[in-house]
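Trainee: Have a look at this prediction, sequence included:
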There are 4 protein chains.
Amino acid sequence: MAKKPKLRKPILIEGLPGVGNVGRVAAGYLIYELKAKKFATLYSPDFLPLVVLQPDSLVHMLNMEFYLYKGKTRDIVILTGDSQSITPHGHYEVCGEVIKLCQELKIKEIITLGGFASGKSPEKPRVVGAVSSPELIEKYKKYDIDFSGKHNIGTIVGASGLLLGLGRAEDIDGLCLMGETVGFPFLLTDPKAAEAVLRIVTKIIGVKVNMVRLEKSVKEMEKSIKKTEEIHRKMLSQIIGKKQQKTQTQYIG
Amino acid sequence: MAKKPKLRKPILIEGLPGVGNVGRVAAGYLIYELKAKKFATLYSPDFLPLVVLQPDSLVHMLNMEFYLYKGKTRDIVILTGDSQSITPHGHYEVCGEVIKLCQELKIKEIITLGGFASGKSPEKPRVVGAVSSPELIEKYKKYDIDFSGKHNIGTIVGASGLLLGLGRAEDIDGLCLMGETVGFPFLLTDPKAAEAVLRIVTKIIGVKVNMVRLEKSVKEMEKSIKKTEEIHRKMLSQIIGKKQQKTQTQYIG
Amino acid sequence: MAKKPKLRKPILIEGLPGVGNVGRVAAGYLIYELKAKKFATLYSPDFLPLVVLQPDSLVHMLNMEFYLYKGKTRDIVILTGDSQSITPHGHYEVCGEVIKLCQELKIKEIITLGGFASGKSPEKPRVVGAVSSPELIEKYKKYDIDFSGKHNIGTIVGASGLLLGLGRAEDIDGLCLMGETVGFPFLLTDPKAAEAVLRIVTKIIGVKVNMVRLEKSVKEMEKSIKKTEEIHRKMLSQIIGKKQQKTQTQYIG
Amino acid sequence: MAKKPKLRKPILIEGLPGVGNVGRVAAGYLIYELKAKKFATLYSPDFLPLVVLQPDSLVHMLNMEFYLYKGKTRDIVILTGDSQSITPHGHYEVCGEVIKLCQELKIKEIITLGGFASGKSPEKPRVVGAVSSPELIEKYKKYDIDFSGKHNIGTIVGASGLLLGLGRAEDIDGLCLMGETVGFPFLLTDPKAAEAVLRIVTKIIGVKVNMVRLEKSVKEMEKSIKKTEEIHRKMLSQIIGKKQQKTQTQYIG
């Protein structure tokens, strides 16, 4: 981060790889549609120890990236990336870094985006919500978020969960939006679930995004997404063992 | 911990998840019956990298909690929680932190509660004792504790053991009480073993607790306990691999 | 490193164990032919916790070694060794150390050497190139390097990849040369792929090396190489588990 | 360590658990026969996260212990213990600590004791030697040590190897003595191999030890040894997985 941007009422939207790629696709499309600008990059020794070889012969270090969209009434920081930590301890480290950045930027609100595997592929996917403190349900219930508790989600693994937990200790409000997706195979991108999540998050942050292009854009992103998917699937199963792949089935982040 | 409480002759009672959930249930019931007040929370990057999603849509960070009961002649600090470290190294870190807190609070006595798997489910479960220095056997033998050495317990894994070992170096007396339980399945809660342990620990610390409510209270806690059980079982088997589940069979903590 | 050598336009050539042993053999032969002198050694707690017992009854600590060849117009630093980190986190640590040394020595250019498994064993192995910034393709394309992107390489694991990624952040230009090799069994030394890589790297750094001796020298190195191969294969499969061996199949470094 | 003892020409003898328990039994018997006094203890978060429950109901923290025997012409420091690190990284940490202590005590010579698995159980077991610098072969070859290189030992894992490797960087001479043993089952104590190693090490350090009592003493130690063996076998196979057990087959330390 070259210099710390000054922000008005900033909010962080996080979307990283996970089940159905919901968070990552939603965050990626938001960045694309809002023409958000990258202003910071996060590298970690807890990512996979490799670089991605792109078709143009350039190597790409795994990272997380922070984008900024200067909205009319408030500024939106979007966090996305091609990786999460590959160790339990690393998840805490990386999320701790993100929360530190939030504090520097005076971000008091985080919305994390992800998917949850229901085994079903409904026409209109549900969006289940989780919050870091009780009064937030009141605040967010007017958006079409399912706070009924009627779902099979027991835990939220990785950044989407930990950012809420760690943020709370710093008085940062946290909402996690999880779009319903089949969940199998784990990293199969589900644009419909991403769209469901996007419809809600755009309402909350007060921006307009043309959903028509989403499915097309997902098709365009497909190649790059497929590569990352493949890397993740392969590497995780190899470095951390096959057990990890099962963990991933429940991954929400 | 907002501010360090001043305590009279404080003693620490530890009860964390483990075989038969004996320690956790005993500590939980003690907190409930004594109306002990939470005064400190411990988070660790060595816990699972996830948050628990509660039925009320609130997320809960894994932690350990310290409760205080101001007794007539002495103060009781109770340590419980929904997690232990998931790495060997982390066990030392977390227990080191607890011992540090003991030193700050001038705690000179620790009683750790757990279960041990005997394969049997006796009407009146034995309570086996382990101590951190020889003179403590004299001190504690008047309570119905089995110091005969006639059992199959070779090691005490995790906090219940390490708190004794690490505490000893700081001149903190340590007693571990282990209630007999079947031990299979690993995390199946055994209220009878918890009661056996509770009967002894309450005598030692000089408080009265109505055991009648224990079994009922365990039934009420069942849902929340089941959730944690499930999380532990699932996550441990996935993140650390199936081998961990076997370790757990011998877990005493 | 006793004292920091003063260097003219220094460049780093890295060749460590990996698929087909391509990088290691190429770097080893370069050191041998140029009579390069060792000037620094790197040890790491992230290497295997063992020493190698040599036939002369001497023990050898696993390490990485830096050699120096003072060329006519520029100085060549060659990094080789018998080990890479055995943990993901360690890869970042070790490569971070190497980049630090590069900065101290004012090295602004790194060429990493490795192999890639194509499943084929062609008469004239291809050499695929990867770079850390786009303008480097222009610079290097006159050498017979394949920048077409037509290959099955998705990621570059370990030092050969990370040195490029980490180096870029310090304005160090990075080129990775990967010689085509069968790739099975993983650590079977492939002198032909090493020769293909050497032909290009010697042209780039402007030194002449007699390739006639390479195959003979590989035969001579065979024993020592075999031992290391064996150690790596055995230890990796045992300490980190069998999954690691599969990772290695794609190892490029 | 209460206070640093002043020593004359001190030498360190290391014997920790490993194949055939050779090093540990040899060091233990040496301590017993020389009536060496414990003067320092080493604990590490890289040991197993458990305490051993002894038959007398006392808990015992895993540790390494340093004993001192004040000899006629020189002082002998003996390092033994019930554990080695359970992580690769931890091996480096622990051995680094031991080397630091050596420097504080001005120890310039280390002899590490272990076994090597030959698959055979000879009447007169061979003792293979390994040294940290070439001139030491000259120094030690008068003792009945096999420096021929004719054996199947490729690596020395753990403290017995790393102490030599790390010591060398601090100008500490290192000799590793490895007694021939069947090697299966891994931790089956082999008093004959221990005796073979002892005969040589006592000559080198110039002390007399009555070997008659060794086998008897091993029988007496059997119970305590069995317990540790069991713990190690069980815990290693569970916490680190079954692969570890295989590693152990080659363990020399």
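Mentor: Happy to help now that I have it. In this text, all values refer to a predicted model and were calculated from it rather than measured experimentally. Numbers count the residues shown, from 1 in each chain, chains lettered A, B, ... in the order given.
Trainee: So what's the gap between whichever helix or strand residue A:162 is part of and the chain middle?
Mentor: Element membership for residue A:162, per DSSP states H and E: helix A:159-168. Chain-centre distance of helix A:159-168: 12 Å, with C-alpha atoms, centre = their mean, to the nearest Å.
Trainee: and what of stretch A:79-91?
Mentor: With C-alpha atoms, centre = their mean, you get 11 Å for stretch A:79-91.
Trainee: That one and chain C, any residue contact?
Mentor: Yes: Stretch A:79-91 is in contact with chain C by C-beta under 8 Å from any C-beta of the partner chain, via A:86-87, A:90. Quick note: C-beta positions are derived from backbone N, CA and C, even for glycine.
Trainee: and the stretch 1-150 of chain A, which residues reach chain C?
Mentor: Residues of the stretch 1-150 of chain A lying near chain C (C-beta under 8 Å from any C-beta): A:43, A:45-61, A:86-87, A:90.
Trainee: Narrow those to those in strands?
Mentor: With DSSP state E as the criterion, strands contain A:50-53, A:59-61 from among the residues of the stretch 1-150 of chain A next to chain C.
Trainee: okay if I get the residues you listed as TSV plus pLDDT?
Mentor: Compiled in TSV, these are given as follows (pLDDT from 0 to 100):
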residue	pLDDT
A:50	92
A:51	94
A:52	92
A:53	94
A:59	97
A:60	95
A:61	95
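Trainee: which one of these sits closest to chain B?
Mentor: residue A:50 (21.0 Å; C-beta to the nearest C-beta).
Trainee: partners of that closest one in the sheet?
Mentor: residue C:157 (DSSP bridges).
Trainee: Make sure residue A:178 is actually in contact with residue A:118.
Mentor: No: between residue A:178 and residue A:118 there is no contact under C-beta atoms under 8 Å: 9.9 Å.
Trainee: Looking at the two, which is more packed in?
Mentor: Neighbours per residue, other C-beta atoms under 10 Å in any protein chain shown: of residue A:178 and residue A:118, the larger number sits with residue A:178, 35 against 20.
Trainee: Contact partners for the more buried one?
Mentor: A:22, A:113-116, A:127-130, A:153, A:156, A:160, A:197, A:252 (C-beta atoms under 8 Å, 6 or more residues apart in numbering or on different chains).
Trainee: In a helix, it, correct?
Mentor: No: read with DSSP: H, G, I helix; E, B strand; the rest coil, residue A:178 is strand and lies in no helix.
Trainee: That one - nearest residue in space that isn't next to it in sequence?
Mentor: Distance criterion C-beta to C-beta, 6 or more residues apart in numbering or on different chains; nearest residue to residue A:178, sequence neighbours excluded, is residue A:116 at 4.3 Å.
Trainee: Stretch A:210-223 and chain C in contact?
Mentor: No: against chain C, stretch A:210-223 shows no contacts by C-beta under 8 Å from any C-beta, the least distance being 12.0 Å.
Trainee: Please identify which helix or strand holds residue A:76.
Mentor: Applying DSSP H and E, one finds residue A:76 within strand A:75-81.
Trainee: contacting residues around that strand?
Mentor: A:5, A:7-17, A:24, A:27-28, A:30-31, A:34, A:36, A:42, A:62-69, A:98, A:105, A:107, A:205, A:207.
Trainee: What of stretch A:137-149?
Mentor: Outside stretch A:137-149, the residues touching it (C-beta under 8 Å, 6+ apart) are A:126-129, A:131, A:173, A:175, A:177, A:199-200, A:203-204, B:54-57.
Trainee: List the buried residues of it.
Mentor: Within stretch A:137-149, the residues that count as buried by 16 or more other C-beta atoms under 10 Å in any protein chain shown are A:137, A:140, A:145-147.
Trainee: Could you dump these into CSV with secondary structure and pLDDT added?
Mentor: Output for the buried residues of stretch A:137-149, formatted as CSV (DSSP: H, G, I helix; E, B strand; the rest coil; pLDDT from 0 to 100):
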residue, secondary structure, pLDDT
A:137, helix, 97
A:140, helix, 97
A:145, coil, 98
A:146, strand, 97
A:147, coil, 97
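Trainee: re the thing from before, which of the residues of the stretch 1-150 of chain A next to chain C are buried?
Mentor: In these, the ones that pass as buried (16+ other C-beta under 10 Å) are A:43, A:45-53, A:57-61, A:86-87, A:90.
Trainee: From residue A:4, how far out is residue A:107?
Mentor: 12 Å (C-beta to C-beta, to the nearest Å).
Trainee: Who has more neighbours out of those two?
Mentor: Set residue A:107 next to residue A:4 and count neighbours by other C-beta under 10 Å: residue A:107 wins out with 22 against 12.
Trainee: I'd guessed that one sits against residue A:9; true?
Mentor: No: counting by C-beta under 8 Å, residue A:107 stays clear of residue A:9, with 9.2 Å between them.
Trainee: Where strands are concerned, which of the contacts of strand A:75-81 count?
Mentor: Among the contacts of strand A:75-81, DSSP E puts A:11-15, A:42, A:64-69 in strands.
Trainee: Now the terminal residues of stretch A:165-172, how far apart.
Mentor: 9 Å (C-alpha to C-alpha, to the nearest Å).
Trainee: Do me a favour and average the pLDDT over that stretch.
Mentor: Averaged across stretch A:165-172, pLDDT comes to 96.
Trainee: that older thread, any residue of the helix holding residue A:162 up close to chain B?
Mentor: Yes: judged by C-beta under 8 Å from any C-beta, helix A:159-168 comes into contact with chain B at A:161-162, A:164-166, A:168.
Trainee: Dump these to TSV, plus neighbour count.
Mentor: Formatted as TSV, the residues of helix A:159-168 next to chain B follow (neighbours: other C-beta atoms under 10 Å in any protein chain shown):
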residue	neighbour count
A:161	30
A:162	28
A:164	31
A:165	24
A:166	24
A:168	21
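Trainee: of those residues, closest to chain C?
Mentor: For the residues of helix A:159-168 next to chain B, the closest approach to chain C (C-beta to the nearest C-beta) belongs to residue A:162, at 18.6 Å.
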